[in-house]
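Q: Below are the sequence and a predicted model; questions follow.
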Amino acid sequence: MKYINAETVLPKELIEKIQTFVAGGYVYIPASEQKKAWGTNTGIRRELQERNQEIRSQYEQGQQIQELSRQYCLCESSIYKIIRGKSD
């Protein structure tokens, strides 16, 4: 976040109104759009959900935890969490 002088971007009337609340201090103005959930911009969230569903499906079909761990390059405890639904 960078510092911007209000006088360079805001109308004088608005600055005067803001000065009635905060004069000479710093004011943070958040972005207008809602913050997106992790991974929604890149699609990684969806990819991980699909991967985890594949892991659950393979486990239900009899695939061993150790083999799933090797296949997906995850530790066995991560595979257990995915199977129990604790990691989506």
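A: Good, I have the coordinates.

Q: In this protein, where is pLDDT below threshold?
A: 1, 87-88 (pLDDT under 70).

Q: Name the single longest helix found in it.
A: helix 44-60 (DSSP state H).

Q: Would you pull up how far it lies from the middle of the chain?
A: 19 Å (Cα atoms, centre = their mean, to the nearest Å).

Q: Show me which positions of that helix end up buried.
A: Of the residues in helix 44-60, 52, 55, 56, 58, 59 count as buried by neighbour count, 16 or more other Cβ atoms under 10 Å. Using the backbone N, CA and C atoms, a C-beta is placed for each residue, glycine as well.

Q: Which residues are in contact with the residue nearest the centre of the chain?
A: Among the residues of the chain, residue 38 comes closest to the average C-alpha position under Cα atoms, centre = their mean, at 1.6 Å. Residues in contact with residue 38 (Cβ atoms under 8 Å, 6 or more residues apart in numbering) are residue 45.

Q: Residue 67 now?
A: Not one residue lies near residue 67 by Cβ under 8 Å, 6+ apart.

Q: any idea which helix or strand carries it?
A: Residue 67 belongs to helix 65-72 when assigned by DSSP states H and E.

Q: ok, back up a step: mind putting the buried residues of helix 44-60 into CSV with distance to residue 11?
A: What follows is the buried residues of helix 44-60, written out as CSV (distance: Cβ to Cβ, whole Å):
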residue, distance to residue 11
52, 51
55, 56
56, 56
58, 61
59, 61
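
Q: give me phi/psi at the residue nearest to the centre of the chain?
A: Dihedral pair for residue 38: phi -50, psi 130, per degrees, to the nearest 10.

Q: measure it to residue 81 for me?
A: 17 Å (Cβ to Cβ, to the nearest Å).

Q: again with residue 19
A: Using Cβ to Cβ, residue 19 is found at 53 Å from residue 81.

Q: do the same with residue 65
A: The value you get for residue 65 to residue 81, if Cβ to Cβ is used, is 11 Å.
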